[in-house]
Structure formats: structure tokens, C-alpha cells
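Quick one, structure for this:
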Amino acid sequence: MAFFWKKKNKEEEAAEIKSLDEGLKKTKMGLFSRISRAIAGKSRVDDVTLDEIEEALIESDLGVDTTLKIIDLLEERVARDKYMDASELNRMLKEEISTLLAANKEADEPFDFSKKPYVIMVVGVNGVGKTTTIGKLAARLKADGKKVVLGAADTFRAAAVEQLTIWSERAGVPIVKQQMGSDPASVAFDTVSSAVAQDADVVLIDTAGRLHNKVNLMNELTKIRNVMRKVIPDAPHEVLLVLDGSTGQNAFLQAKEFTKATEVTALAVTKLDGTAKGGVVIGIADQFQIPVKFIGVGEKIEDLQVFNKQAFIDSLFK
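Below is the predicted model of the structure:
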């Protein structure tokens, strides 16, 4: 598995795989119990069975378009092979989902640390785990020896600044913040200026998660970009959109809105441990063709994992 933080020993890797398995348990049980019921007692897969499989995939929030792709592929295989038991169907599903995810680019390292400081602007609606994701990333990067600076540019919610401050203390990294209601772009400017002065490796900028007015959101994110570029011409190097996996189709809608408002370069899908809708990761990766770089499968810092497609699929189909 690819990690941008410290290389793990075998025990740590095993613990992370166990965490992934636990985090995807509800999705796995929900999806495969439905599929098992669909083919129970049947010696071959017919149109009725495929309809039931289609319904199971949609209910697991793969999304209609991605589900139809998978069903079309299955229909071709069924027409050719005719007979199919549960284990054969699961094997075929695993292969087809692997094929879909293969198009979703996955780098050995999610961040290019040759750029210094590497500036990451984090976006997403309130409540998706955006600030927590920033805090966990900061803690893991700090543990890997990286010098990190946080920027509290979500100045419209006092709770967001307070939460990020708590994470900065927990991770032992500095934070740049201003009073509530301050200009977010001003905070971003101060943050990247401070990072340059401190010779920092990574900058993580929190932004406001408001979608009620897309024009304002677009203008705000554009302004933040522009002021950061006065200090670092190619900033931000990454725009990371955080999505709550437990919201299913709402995550798709949020991805649509944010990709319209700004150039999103990476995705983090959180809260997969509390939902049977983990299929949303597959659907979003397929539909948006934006790399899913992180998934959240629990509350602990180490439960924010670099998304490894093969590990994800293996966990679902164990």
C-alpha cells in the first residue's frame, strides 16, 4: 500500500488493513447480502437476477450511471458464460469494479513534496469532516517529519476555527487565524506568508463550506487562490474536496457543485465506517475521474487512510 507518511512495519500494515475491513463491514454486508438473496437457489443468472443485482448496487450508492456500466458488463459475461454461482458472480463483480477504478489515477505518493511549501486548499460543506481531515493529515505529516502550517480561513464559523486550533495543538503544528468574520483570503495570505518565512513543507488551508450561493463560493475560492499566488505563484498545488460517504447521493451532488465552483484536484471520502453506502467511493471515482486520495474509516488519526484501490476492493470482496 502507498503511504506518504512513515513506512509501516508488518504489524502496522496489518492493523491498517484490519481497520479498513472494519470500516467497510456495513457496506460489504449490505451489498453482498442483497446479491446473495438475488441469486439464491438459481443455477444461472437471468434478467430478473440482473435487475435485483442492479437494485443492490444502486442501494449501495454506486450511482445509476456506474451501476449501469457494471450491469452492461455483467450482461455480456452472462450471455457468454450462462451458468454462474455466487462465488463466480462475486469474482466477476470484483473484476468489473477493478476495471472501473483502474481509470481513477492513483499516484505512489499523493503529494508532490518537491514543491515547498506544498499548499493544499481544503474545500467541502460543513459537517463532512473537513476540519477533522485537515487535523488528521497535519498530525500524520508532522509524524513523518514534515513541517506543517495550518490556515483557519473558514472565518464564518467560530466552531471551525476553534476545532482547527484544537487539532493544531494536538498535532503540535502552528496555526494562522484571525477574528471570526475576517476576510478568508487575508487569512490564506498570512498563512502562506508565514509558511514561507518558517521554511515549512506543507500548508493546509481550511475554507468555508457554504453552498447556498454558488456565485459567492466561486468568488471566495478564486480570491483565496489569487492572494496566495502573490506569495507562491503556483499555489494552491492541490484542491482537496472532502465528502461525507454516509450521505450517499448527496456526496455526488456536493462533488458536482464544488467542481463547478473551483478546480478540484483530489477527493477525500470520510465516515465510511458508519454507513452501508461505501459504494459511493466507486461511483464518485468513476463519474468524476478525480483521484480519490483519502478515505476515512474510523475516528482515530490512523483511520484516515491513503486510498488504495486494490486494498479497498479486496476488503469489499473478502
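
Would you list the phi and psi of Val292?
phi -80, psi 110 (degrees, to the nearest 10).

separation between it and Val125?
Counting by CB to CB, to the nearest Å, the gap from Val292 to Val125 is 18 Å. C-beta here means a position set from N, CA and C on the backbone, and glycine is covered the same way.

same question, Leu241
For Leu241, the distance to Val125 equals 10 Å [CB to CB].

residues shared between the contacts of those two?
Residues touching both Leu241 and Val125 comprise Gln254, with contact defined as CB atoms under 8 Å, 6 or more residues apart in numbering.

what's the pLDDT at the nearest residue to Glu238 once chain neighbours are set aside?
Spatial nearest neighbour of Glu238, excluding adjacent residues (CB to CB, 6 or more residues apart in numbering): Ile120 at 4.5 Å. Ile120 carries a pLDDT score of 97 in this model.

wouldn't Ile120 be in contact with Leu241 here?
No - the pair formed by Ile120 and Leu241 falls short of the contact definition of CB atoms under 8 Å, at 11.2 Å.

Buried ones in stretch 263-277, by neighbour count?
Of the residues in stretch 263-277, 264-277 count as buried by neighbour count, 16 or more other CB atoms under 10 Å.

CA-only coordinates of stretch 293-310 in PDB, if you can.
Extracted as PDB, the C-alpha positions of stretch 293-310 are listed here (Å, rounded to 0.1, in the frame of the first residue of the first chain):
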ATOM      1  CA  LYS A 293      -6.700  10.100  -2.400                       C
ATOM      2  CA  PHE A 294      -8.000   9.500   1.100                       C
ATOM      3  CA  ILE A 295     -10.800   7.600   2.900                       C
ATOM      4  CA  GLY A 296     -11.900   7.800   6.500                       C
ATOM      5  CA  VAL A 297     -12.800   4.500   8.100                       C
ATOM      6  CA  GLY A 298     -12.900   5.500  11.800                       C
ATOM      7  CA  GLU A 299     -12.300   8.100  14.400                       C
ATOM      8  CA  LYS A 300      -8.600   7.500  15.100                       C
ATOM      9  CA  ILE A 301      -5.900   9.500  13.300                       C
ATOM     10  CA  GLU A 302      -4.600   6.400  11.600                       C
ATOM     11  CA  ASP A 303      -8.100   5.700  10.300                       C
ATOM     12  CA  LEU A 304      -7.600   8.400   7.700                       C
ATOM     13  CA  GLN A 305      -6.000   6.200   5.100                       C
ATOM     14  CA  VAL A 306      -4.400   6.800   1.700                       C
ATOM     15  CA  PHE A 307      -6.900   5.300  -0.800                       C
ATOM     16  CA  ASN A 308      -5.500   2.200  -2.200                       C
ATOM     17  CA  LYS A 309      -7.900   0.800  -4.900                       C
ATOM     18  CA  GLN A 310      -6.800  -2.800  -4.700                       C
END
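
The spatially most central residue of the chain sits in which helix or strand?
Nearest to the centroid of the C-alpha atoms of the chain, with distances taken as CA atoms, centre = their mean, sits Ala268, at 1.8 Å. Mapping Ala268 onto the secondary structure by DSSP states H and E places it in strand 266-270.
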